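Enquirer: Here is my input; please provide its structure:
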Amino acid sequence: MAMAAFTRPATELRRLLHRPNAVRTFVDARVKWVRDPYLDTAVEKEKDLKPMLNLKNLILAQPSKTLPISTAALLKDRLKLPTTAGKLIERYPSVFNPFRPDHPLALPHVKLTAQALVVHNEEARVFNSRNHRKDLAERLAKLLMLAGSRKLPLNVVNGFVFDIGLPHNYILTFLSDFPEYFQLCSMDCKDANGCELLGLELVSHRHDLAVSVLERKEMHLNSRFRSGVPIPFPMELPRGFDLEKKVRNWVDEWQKLPYISPYEDAFHLSPNSDQAEKWTVAVLHELLHLLVSKKTERENVYRLGDYLGFGLRFTKALVHHPGIFYVSNKIRTQTVVLREVYRKDWLIEKHPLMGMRHRYIHLMNKKVRQNRRIQVQNVRPRKQVT
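Expert: A predicted model of the protein is given here:
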């Protein structure tokens, strides 16, 4: 899907990028993938976290704060459960409390444990805090500004709901608080089924937010900072990994190319040039910085790239720059991780929402001594009556 044209001029950048070293080509060398056990651990820690939270939110959305397990079984795909609802509930007895209501012929139900409710209530306070909501609005605005049209289809935005820290029902509970920022819109195109696509639009460009994390750091270090200077990307290769000499030399020269803000228009550059690749990396780098865990499923990255018009350029950037990005194959998917923000398997700077998620992870890993489980593995979802 083609991206609408960017609206901001880049006259100064065009002048800088017409220098002789602005267009080169990547060396003909293979950059191998090397496993990083620390970043794999960072990804694997969150195994089942999203489906657990999906089920938790569904239970609490019920008036009784309980849910028939058979209903959860019917919604397995919607909840993105990795196994049956019954098995997931049994796997995390510190989070879910299966029980049978005290009346004849009652089906097994599930509710949250007292410990899980405590964590949920603290998480709700984080979600509802003024500072968090303002920070979230700004990060969502920056995500939309990565698109020159300042709007993205909802199916693209929805891929980042968990990673950017939006509440699961953000359209009803979040967007209405920021009418000066966001509005729902038509995308003027249709999906594969011929249905009109809805999107999320930033009401107006916010120049105060159109500064990348690397530009802010450079401004802090250099009072004479100006657009188009060569800002290098932080790079860190795992122990035992070494680039071929010609690749290392290419990277050293590539880092010296002018840095183009991900909020600028650089689609005028030859897509196969190294300068265009540096801009592509800038977009990916900024995207991952907007996310509370600094990582997301690769499918989300590719879906965004396809809409923005990058196509295979995102794929090449991930392959060419293992010192900036890492792709983990853990937890039944592929996850793109920003290396620089992790020390071994821990985030260097932890967002408050990540603190809450680690509380949930701790609870999920906690064992329950007393045997209070009921047999739910044989529960079959009832067929819906039409």
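Enquirer: what pLDDT does T84 get?
Expert: Note on T84: pLDDT of 95.
Enquirer: is it true that it touches D77?
Expert: No: judged on Cβ atoms under 8 Å, T84 makes no contact with D77 at a distance of 11.9 Å. C-beta here means a position set from N, CA and C on the backbone, and glycine is covered the same way.
Enquirer: More neighbours: which of those two?
Expert: T84 (18 against 7; other Cβ atoms under 10 Å).
Enquirer: Can you show me the strands along the stretch 101-250 of the chain?
Expert: Taking DSSP state E, counting those that start in this stretch as the test, the strands found in the stretch 101-250 of the chain are 109-112, 151-153, 182-190, 196-202.
Enquirer: okay, those strands in JSON lines with mean neighbour count and mean pLDDT next?
Expert: Shown next, in JSON lines, are these (neighbours: other Cβ atoms under 10 Å; pLDDT from 0 to 100):
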{"stretch": "strand 109-112", "mean neighbour count": "21", "mean pLDDT": "97"}
{"stretch": "strand 151-153", "mean neighbour count": "23", "mean pLDDT": "95"}
{"stretch": "strand 182-190", "mean neighbour count": "15", "mean pLDDT": "88"}
{"stretch": "strand 196-202", "mean neighbour count": "18", "mean pLDDT": "93"}
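Enquirer: Could you export those strands to TSV, including columns for distance to N222?
Expert: Shown next, in TSV, are the strands of the stretch 101-250 of the chain (distance: least, Cβ to Cβ, whole Å):
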stretch	distance to N222
strand 109-112	51
strand 151-153	33
strand 182-190	34
strand 196-202	29
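Enquirer: so where's this structure shaky on pLDDT?
Expert: 1-25, 27-29, 368-386 (pLDDT under 70).
Enquirer: ok so, going back, which one of the strands of the stretch 101-250 of the chain lies closest to S212?
Expert: When these are compared by Cβ to Cβ, strand 196-202 sits nearest S212, at 16.6 Å.
Enquirer: Now do that closest one: everything it contacts.
Expert: Strand 196-202 is contacted from outside by 141, 144-145, 150-155, 157, 175, 181-187, 189-191, using Cβ atoms under 8 Å, 6 or more residues apart in numbering.
Enquirer: got a list of what H289 touches?
Expert: Residues in contact with H289 (Cβ under 8 Å, 6+ apart) are 212-213, 338, 341.
Enquirer: of those, buried ones?
Expert: Buried members of the contacts of H289, scored by 16 or more other Cβ atoms under 10 Å, are 212, 338, 341.
Enquirer: can you put these in a markdown table and add distance to D265?
Expert: A markdown table is the format used below for those (distance: Cβ to Cβ, whole Å):
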| residue | distance to D265 |
| --- | --- |
| S212 | 14 |
| L338 | 24 |
| V341 | 27 |
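Enquirer: Give me the domain ranges for the protein.
Expert: 11-42+124-357, 43-123+358-365 (automatic domain parsing).
Enquirer: What is the end-to-end distance of the last one?
Expert: So that's domain 43-123+358-365. The first and last residues of domain 43-123+358-365 sit 15 Å apart, counting by Cα to Cα, to the nearest Å.
Enquirer: shift numbering so it begins at 29
Expert: Right, with 29 as the first residue, what we last looked at is domain 71-151+386-393.
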